[in-house]
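1. build me a structure from this.
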Amino acid sequence: MKFAEFHTGQVLHAGPYAVSEAEVLDFAKQWDPQWFHTDPEAAARGPFDGLIASGWHTCGIAMRLAADAFLAGSESYASPGLAYIKWPHPVRPSDVLRLRLTVFDSRISKSNPSLGILRWRWQLHNAADTEVLDLEATSLFKLF
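-> The predicted model follows:
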């Protein structure tokens, strides 16, 4: 989508995305090698009653869904950061995730009119509609 297609109050959806155990293990072994992400047997005895995906993996899934559905071909080029990030429930192997994006603010920068600023909430939910990720991001778009 182009920056001009986003507007305040807009709600966008992307997905589904199916999470596999192999993917959870591969990501965790490389980037977040904690036992509850990498050892299914130990995780089964742990506080989450089974293997769970890293929160950073969950963020990567959300980014992939947003990039494929809304940012590919856009003027998006950077983000100054997140206002917050929460993982209210774990992602498990075999979860099927969907992304919901809510645009809070879409505006042209007053100090730099070649810059579009998008402030939006990203929420990932599993098939039971349980929220597994909630964040607020700011995205920058180079308009000319």
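
2. let me see the ranges of the helices in the chain.
-> With DSSP state H as the criterion, the chain has helices at 21-31, 35-38, 40-44, 55-66.

3. and the first one, what does it pack onto?
-> Read that as helix 21-31. Helices and strands touching helix 21-31, as assessed by 3 or more Cβ pairs under 8 Å, 6 or more residues apart in numbering; DSSP states H and E, comprise helix 35-38, helix 55-66. C-beta: built from backbone N, CA, C; applies to glycine.

4. closest one to Gln10 among these?
-> Between Gln10 and the helices and strands packed on helix 21-31, the shortest gap by Cβ to Cβ is with helix 55-66, which sits at 13.4 Å.

5. just the CA coordinates of that closest one, formatted as PDB?
-> C-alpha atoms of helix 55-66 as PDB (Å, rounded to 0.1, in the frame of the first residue of the first chain):
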ATOM      1  CA  GLY A  55       8.500 -13.300  21.600                       C
ATOM      2  CA  TRP A  56      11.100 -12.000  19.100                       C
ATOM      3  CA  HIS A  57      10.000 -14.800  16.700                       C
ATOM      4  CA  THR A  58       6.400 -13.700  17.200                       C
ATOM      5  CA  CYS A  59       7.400 -10.100  16.300                       C
ATOM      6  CA  GLY A  60       9.200 -11.400  13.200                       C
ATOM      7  CA  ILE A  61       6.000 -13.200  12.100                       C
ATOM      8  CA  ALA A  62       4.000 -10.000  12.500                       C
ATOM      9  CA  MET A  63       6.600  -8.100  10.500                       C
ATOM     10  CA  ARG A  64       6.500 -10.600   7.700                       C
ATOM     11  CA  LEU A  65       2.700 -10.500   7.500                       C
ATOM     12  CA  ALA A  66       2.700  -6.600   7.500                       C
END
